[in-house]
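Asks: sequence first, predicted model second:
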Amino acid sequence: MADVKIEQKVALTRAEVAQWVSDLGKALSGDGTVSLRVADSTVELKVPDRVRFEAEVEVDGDEVELELELKWSTARTAAKAGHPKGTTGT
């Protein structure tokens, strides 16, 4: 079970989805801080320079599903925060 999970399922226009994806892209190309509008709130995430990316397209009859997944670990970020630059903590 996830420590935190926020899920939103809503019907949007193609233009609204394009704007959401565009906003995400701009945030990812910035300083690594991403603020996402999800449900009725905003979630702020710290994204490292490298992430795992997965794209999946599934066609089932007359329904098409496009799923994009970005995944990263917070472990390295937390470990770095606890040690001065140049030390490993071991």
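Replies: Good, I have the coordinates.
Asks: where in the chain is pLDDT low?
Replies: For the chain, the stretches flagged by pLDDT under 70 are 1, 76-90.
Asks: would you tell me which helix is longest in it?
Replies: Using DSSP state H to define each element, the chain has its longest helix at helix 14-28.
Asks: please name the nearest non-neighbouring residue to the residue most central in space within the chain.
Replies: With distances taken as Cα atoms, centre = their mean, the residue of the chain nearest its centroid is L70 (5.3 Å). Taking Cβ to Cβ, 6 or more residues apart in numbering as the measure, L70 lies nearest to V51, with 5.0 Å between them; neighbours along the chain are not counted. Just so you know, the C-beta spots here come from the backbone N, C-alpha and C atoms, and that holds for glycine as well.
Asks: confirm the residue nearest to the centre of the chain sits in a helix?
Replies: No: counting by DSSP: H, G, I helix; E, B strand; the rest coil, L70 is located in no helix; its state is strand.
Asks: so what's it up against?
Replies: Residues touching L70, when contacts are defined by Cβ atoms under 8 Å, 6 or more residues apart in numbering, comprise V47, V51, R52, F53.
Asks: buried subset of those?
Replies: For the contacts of L70, a burial check counting by 16 or more other Cβ atoms under 10 Å picks out V47.
Asks: got the contacts of L70 as a markdown table, with distance to G30 and secondary structure columns?
Replies: Rendered in a markdown table, the data for the contacts of L70 read as follows (distance: Cβ to Cβ, whole Å; DSSP: H, G, I helix; E, B strand; the rest coil):
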| residue | distance to G30 | secondary structure |
| --- | --- | --- |
| V47 | 9 | coil |
| V51 | 14 | coil |
| R52 | 20 | strand |
| F53 | 17 | strand |
